[in-house]
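K.L.:
I'll drop the sequence and a predicted model, then ask my questions.
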Amino acid sequence: MPDEGFETQVQITGKGAVVELRGTVNRDAKEGMEAAYAEASQTPGEIVLDFSKVEYINSTGIAVIVGVLAMARAEDRQVGAFGLTDHYKEVFEITRLADFMNIYQDAAAD
Amino acid sequence: MFLRKRSKGNQEPGQSGTMQPETHTRSLEPIEIPPGDVLETLLLSAGGPVELSTVEVESATIERLREDGIELVVPLIGQGELLGALYLGQRLSDQPYSTDDRRLLGNLAAQVAPAMKVAQLVREQQVEAKERERIQQELQVAALIQQTLLPKELPSINGWNVDAFYRPARAVGGDFYDFIDLGEARLGVVIGDVTDKGVPAALVMATCRSMLRAAAFNHDSPSAVLADVNDALVPEIPPAMFVTCLYAIIDTDAGRVVFANAGHNLPYVRTADGVVELRATGMPLGLMPGMDYDDKVYELSDGDLMVLTSDGITEAHNPEGEMYGFSRLMGRVAAKPKNDDMVTSLVADLERWTGSDAEQEDDITLVVVRRTASAEDSAAVFHPSEGERLLAEFAVPSIEGSERLAIEKVSAAIATLGLDETRLERLKTAVGETVMNAIEHGNENDATLDVGVQVTADAGRLVVRVTDHGGDKDIPDAAIPDIEAKLAGEQTPRGWGLFLIEKMVDEVNRARENGSHIVELVMKREGDADAG
């Protein structure tokens, strides 16, 4: 199965920033994620991660997300997420990522 | 009275009864009417009782009947066939048989004959059923003898993979194989075939096996073992039976194979440079005493694989009547199958050749011995337990991203099992994480090492086994990650893999085998949806 790679796109909104994630969230996403976080954090408010175009998240990708949450926590910034499949919602709950980020049903909720 | 017994192809006179006219004190011997006797023709054409005094033709039977005082013969005819006859001597009144007597006897015969026909058919069916039952019991006994004597376990030798396959034909031939631990890093390998089927072949096989085992510990060379067994077998074996046999002694430290052959199929060795036929000739065992056999030597290098077969493989026919043959076998041995599982590969190819529905003509026996580079041993060959159905078996290289390939293949393999979406996604995550661990920790990202994946299912469970080469490494327990510590920077953000695997499936088992590390993921097929 080809690896879709990882890309991000940051969109500034009235409440903060939405970071659209695309492809595979694994250890290779670390650099892109950190760059996107840096860009998004230029704007005050919540940073919402859009997972609706993410194909695959593995444990190393979860570690990358934990890294983002750690950075946000250090600056007392809220992090949200939407577009997660039911399975990845379950994974976020099992890993307790969901305890440290706001999980939204869709983009409109944000 | 005589009753004719029907038999296949040849009508033989059956057991006869006697009818004793009261005026006679001696018993009448049953007189048979041989098929083709002129009396048979006469009775069939007469259409009723025949008075011997009026018969103008002669035959030995007619003469004997007259000698015994028979006056009247009443044929019992069914569907144009002479089933038997009633013999009547002189009347008690000494008067000749009247027209009424003959009519009465004719009517009696006409009523008796159909019942007799039915009785004969019933008796035939009973005899045939008993014969079928006898054959079936004999086959069961033969199969039991063979299964009892074939090895229960495969040898487990460091640096070697030994595999075997035996499937009897319905008529149960006389194939056998054996492994003999000779001590001092020497393994005896036997493959043989008795030229008969059923219980006789099974008994000869049992005798031959015992002789081989005894001789193997008395001689250091395979040729001496075969010569010894041959001399012992000749006086014991039934006429027209013999045993083909190949016996090899493998020095499992040096890889040296010494072998001798008594008329058996030659072994093939797959080497890095191609397939080699190990040539050795000799008379089959049990034909004549005093035979000599030659020892041949071959050095197996790391990775070489030796295949021993029975003729049930090479002589199997396809629907067009062509034999599988040695060249096709050689071609299959040359190909390296997934996980190097030569047994599965050869059996699958044979089934493709014969057609999966074809009845197996002869026993099929395969022994595969592979010398593995101990550190470079490829993924372990799995043997599903009884009841498990193998859905897929494959290997992926130890490179990043292979876990996605494994997930895709496992998903395809279980597509028809009807796992609900939630559990399917959990299994996919567990497989991905397990394969990632195998690549990173078991195989240490060595791209030359494979990760083996096997998918099986039975009625209650779906099992995915993932094998790597980290059998000598400690297996860590799945610690519960502390996300607060991770967010506080007190713990690495990683360390989710084992935790996730444990949460995604119903059961996780781990084992070590021959330098390999195996993780077994179990998903109950009818469990509740909440596996986590």
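P.N.:
Right, received. Where do you want to start? Numbering: from 1, shown residues only, chains lettered A, B, ... in the order given.
K.L.:
isn't B:Val396 right next to B:Val453, touching?
P.N.:
Yes. Judged on C-beta atoms under 8 Å, B:Val396 makes contact with B:Val453 at a distance of 6.8 Å. The C-beta positions use only the backbone N, C-alpha and C, and glycine is treated the same way.
K.L.:
who has more neighbours out of the two?
P.N.:
Using other C-beta atoms under 10 Å in any protein chain shown as the criterion, B:Val396 and B:Val453 rank with B:Val453 on top: 30 against 21.
K.L.:
which outside residues touch whichever strand or helix holds the more buried one?
P.N.:
Applying DSSP states H and E as the criterion places B:Val453 in strand B:450-457. Counting contacts by C-beta atoms under 8 Å, 6 or more residues apart in numbering or on different chains, the residues outside strand B:450-457 that touch it are B:339, B:378-380, B:382, B:384, B:388-398, B:402, B:406, B:409-410, B:413-414, B:417, B:431, B:435, B:438-439, B:442-443, B:462-468, B:516, B:525.
K.L.:
now stretch B:428-440
P.N.:
A:56, A:58-60, A:87, A:91, B:396, B:398-400, B:402-404, B:406-407, B:410-411, B:445, B:451, B:453, B:464, B:466-468, B:470, B:497-498, B:500-501, B:504-505, B:508, B:517, B:519, B:521.
K.L.:
give me the pLDDT for the closest residue to chain A within the stretch 101-250 of chain B.
P.N.:
The minimum distance from the stretch 101-250 of chain B to chain A, using C-beta to the nearest C-beta, falls at B:Asn161 (30.2 Å). B:Asn161 carries a pLDDT score of 84 in this model.
K.L.:
doesn't B:Met342 make contact with it?
P.N.:
No. Using C-beta under 8 Å, B:Asn161 is not in contact with B:Met342, being 9.4 Å away.
K.L.:
need the overlap of contacts for those two.
P.N.:
B:Val368, B:Arg370.
K.L.:
so between these two, which is more surrounded?
P.N.:
Neighbours were counted for B:Asn161 and for B:Met342 using other C-beta under 10 Å; B:Met342 has more, 25 against 22.
K.L.:
show me what the longest strand anywhere in chain A is packed up against.
P.N.:
Taking DSSP state E as the criterion, chain A has its longest strand at strand A:46-57. Helices and strands touching strand A:46-57, by 3 or more C-beta pairs under 8 Å, 6 or more residues apart in numbering or on different chains; DSSP states H and E, are strand A:16-25, helix A:59-74, strand A:79-82, helix A:86-94.
K.L.:
the first one pairs with which strands?
P.N.:
Sheet pairing of strand A:16-25 (DSSP bridges) gives strand A:6-12 (antiparallel), strand A:46-57 (parallel).
K.L.:
now the angle from that strand to helix A:59-74?
P.N.:
Going by axes from the mean of the first three to the mean of the last three C-alpha atoms, to 10 degrees, strand A:16-25 is angled at 160 degrees with respect to helix A:59-74.
K.L.:
pull the residues that contact strand A:16-25.
P.N.:
Residues contacting strand A:16-25 (C-beta under 8 Å, 6+ apart): A:3-11, A:29, A:33, A:36-37, A:39-41, A:43-58, A:61, A:64-65, A:78, A:107, A:110.
K.L.:
could you rerun that using 7 Å?
P.N.:
A:3-11, A:36, A:40, A:43-51, A:53-57, A:61, A:64, A:110 (C-beta atoms under 7 Å, 6 or more residues apart in numbering or on different chains).
K.L.:
do the same with the second one
P.N.:
With contacts defined as C-beta under 7 Å, 6+ apart, helix A:59-74 is touched by A:25-27, A:29-30, A:33, A:37, A:47, A:79, A:95, A:97, A:100-101, B:433, B:483, B:486-487, B:489, B:493-494, B:496-497, B:500.
K.L.:
so which residue is dead centre in chain A?
P.N.:
The centre of chain A sits closest to A:Leu49, judged by C-alpha atoms, centre = their mean, with a distance of 3.5 Å.
K.L.:
enumerate every residue touching the closest residue to that residue other than its chain neighbours.
P.N.:
The shortest distance from A:Leu49 to any non-neighbouring residue, by C-beta to C-beta, 6 or more residues apart in numbering or on different chains, is to A:Ala81 (4.7 Å). Applying C-beta under 7 Å, 6+ apart to A:Ala81 gives the contacts A:Val48, A:Leu49, A:Phe51, A:Met101, A:Ile103, A:Tyr104.
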